[in-house]
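Chemist: starting from these lines, generate the structure:
(one chain, ligands or ions: 2)
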Amino acid sequence: MLPQPLGQLDPGFFLSFEGPEGAGKSTQIARLARRLEEMALPHTVTREPGGTPLGARVREVLLDPQLTIDPLPEFLLYSASRAQLVTNVIRPALDRGEVVVCDRYADSSLAYQGFGRGLDAALLRDITAAATGGLWPNLTVLLDLDPRVGLERAAQRGQPDRLERTDLAFHQRLRQGFLELAGTQPERFLVLDGTQPASTLEEKIWEAIQSRLPDSRG
Ligand SMILES: Nc1ncnc2c1ncn2[C@@H]1O[C@H](COP(=O)(O)OP(=O)(O)OP(=O)(O)O)[C@@H](O)[C@H]1O
Ligand SMILES: [Mg+2]
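Modeler: Numbering: from 1, shown residues only. Ligands and ions are numbered 1, 2, ... in the order given. Below you'll find the predicted structure:
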């Protein structure tokens, strides 16, 4: 049975999806968006890097297999995209009381550029705080997966992009990084085993969202 429409949220609800390549983020976001539509709950779905015209251009640069980008400029490019996204898309949608669903957010930088590429965690946090104005999600769904499974899934889509071609050890550090981040903020993170069927994950994510939406939502 469908719950009653929840009306407008004040001050909005910010949800991010994290996890390695091929973990199922896009799959779950599409399923969640269908549910939000069915409930007539105002929402905005966006992604990193991207989500704004600047972000789309930055995304092309970051995913270009022809380019070699050092860890610091890589992080700064992600941060530039993120800053524009927060200002132009995420904050305004939250101010309108919407559910904002973001495919990757700042945790990806902490995991990829910190645990993956070895940049200093304090530097990442300072620049991230500046780029986001200190905005963190109300809930972050971490789809955890052995990177070999994720890369195998991604490979079935065709040409690997720049990140997918990075070595397995990098992806293993990344996985550990995400799990460590989740361990330090268990109240914000929902960690799910990404090998479960998509429909099972969809149910668990939906339950977690419902239990965390403000009480005023009926
Ligand atoms: N729970 C699941 N079980 C098995 N396969 C899945 C599951 N969820 C998604 N897939 C498949 O795995 C592949 C990757 O899924 P998806 O694109 O949703 O991952 P992603 O996390 O968005 O990846 P990326 O980081 O590359 O954007 C797709 O082919 C998708 O159909
Ligand atoms: Mg995706």
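Chemist: every contact and neighbour count from this point should use C-alpha atoms.
Modeler: OK.
Chemist: which positions in stretch 26-44 come out as buried?
Modeler: 28, 29, 31, 32, 33, 36, 41, 42, 43, 44 (16 or more other CA atoms under 10 Å).
Chemist: how near is the closest residue to residue 28 other than its chain neighbours to ligand 1?
Modeler: Among residues not flanking residue 28 along the chain, residue 202 sits closest, at 6.2 Å (CA to CA, 6 or more residues apart in numbering). As judged by CA to the nearest ligand atom, to the nearest Å, residue 202 and ligand 1 stand 9 Å apart.
Chemist: ok so, going back, the buried residues of stretch 26-44 into TSV, with extra columns for distance to residue 60?
Modeler: TSV is the format used below for those (distance: CA to CA, whole Å):
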residue	distance to residue 60
28	24
29	22
31	26
32	26
33	25
36	29
41	32
42	29
43	26
44	22
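Chemist: quick check: residue 56 touching residue 49?
Modeler: Yes: Residue 56 is within contact range of residue 49, at 6.9 Å (criterion: CA atoms under 8 Å).
Chemist: higher neighbour count, the two?
Modeler: The neighbour comparison of residue 56 against residue 49 (other CA atoms under 10 Å) goes to residue 49, with 25 against 16.
Chemist: and the more buried one, what element?
Modeler: Assigned by DSSP states H and E, residue 49 falls within no helix or strand.
Chemist: show me which residues of this structure are close to ligand 1?
Modeler: For the chain, the contact set with ligand 1 under CA under 6 Å from any ligand atom comprises 20-27, 153-154, 194-198.
Chemist: need the longest helix for the chain.
Modeler: Taking DSSP state H as the criterion, the chain has its longest helix at helix 168-184.
Chemist: and residue 100, how far is that from residue 140?
Modeler: Distance, residue 100 to residue 140, using CA to CA, to the nearest Å: 12 Å.
Chemist: if you could redo that for residue 122, that was the one I meant.
Modeler: Distance of residue 122 to residue 140, given as CA to CA: 21 Å.
Chemist: these two: who's more crowded?
Modeler: Using other CA under 10 Å as the criterion, residue 122 and residue 140 rank with residue 140 on top: 26 against 11.
Chemist: looking at this, residue 192 is in a strand?
Modeler: Yes: according to DSSP: H, G, I helix; E, B strand; the rest coil, residue 192 belongs to a strand.
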